[in-house]
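S.K.: Below are the sequence and a predicted model for it; my questions follow.
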Amino acid sequence: MGAGMASSRGGRLLEALPLGQRAQCYREFAEQALRRASSARDPDMRAGFLSMAAGWHALAEEIKRTTARTAPGEEPRQNPAQRDPH
């Protein structure tokens, strides 16, 4: 997945993916952020990339927890606070 997937337009593309694929994208984004952190010379940039990696990882783990609580074939219910009003 390209870095453009994280854009606001790309966010809509991610929402259209099945949860398993979406979690995989989040894991890939986390890996990319970790690679960038490891090559960053500036400590603040490194910290920013590490923070991004942690955020993407947390999203992937939330999907994992959500799908573990859902019966096979059943779509997890979306938290009303997370629904896109558009």
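M.R.: Happy to help now that I have it. Numbering: from 1, shown residues only.

S.K.: By residue count, what's the longest helix in the protein?
M.R.: In the chain, taking DSSP state H as the definition, the longest helix is helix 43-68.

S.K.: Please name the nearest non-neighbouring residue to Q24.
M.R.: A60 (7.8 Å; Cβ to Cβ, 6 or more residues apart in numbering). C-beta coordinates here come from the backbone N, C-alpha and C atoms, glycine included.

S.K.: follow-up on the earlier one: packing partners for the longest helix of the chain?
M.R.: Helices and strands touching helix 43-68, by 3 or more Cβ pairs under 8 Å, 6 or more residues apart in numbering; DSSP states H and E, are helix 19-39.

S.K.: and the helix it packs on, C-alpha only, in PDB?
M.R.: Taking Å, rounded to 0.1, in the frame of the first residue of the first chain, the C-alpha atoms of helix 19-39 are listed here in PDB:
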ATOM      1  CA  LEU A  19     -11.500  -5.300   8.400                       C
ATOM      2  CA  GLY A  20      -8.800  -7.900   7.900                       C
ATOM      3  CA  GLN A  21      -7.400  -6.100   4.900                       C
ATOM      4  CA  ARG A  22      -7.700  -2.800   6.700                       C
ATOM      5  CA  ALA A  23      -5.700  -4.200   9.700                       C
ATOM      6  CA  GLN A  24      -3.100  -5.400   7.300                       C
ATOM      7  CA  CYS A  25      -2.800  -1.900   5.800                       C
ATOM      8  CA  TYR A  26      -2.400  -0.400   9.300                       C
ATOM      9  CA  ARG A  27       0.400  -2.900  10.000                       C
ATOM     10  CA  GLU A  28       2.100  -2.000   6.800                       C
ATOM     11  CA  PHE A  29       1.800   1.700   7.700                       C
ATOM     12  CA  ALA A  30       3.300   0.900  11.100                       C
ATOM     13  CA  GLU A  31       6.200  -0.900   9.500                       C
ATOM     14  CA  GLN A  32       6.800   2.000   7.100                       C
ATOM     15  CA  ALA A  33       6.900   4.500  10.100                       C
ATOM     16  CA  LEU A  34       9.300   2.200  12.000                       C
ATOM     17  CA  ARG A  35      11.700   2.100   8.900                       C
ATOM     18  CA  ARG A  36      11.500   5.900   8.700                       C
ATOM     19  CA  ALA A  37      12.200   6.200  12.400                       C
ATOM     20  CA  SER A  38      15.200   4.000  12.100                       C
ATOM     21  CA  SER A  39      16.700   6.200   9.400                       C
END
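
S.K.: Right, I'll call it a day here.
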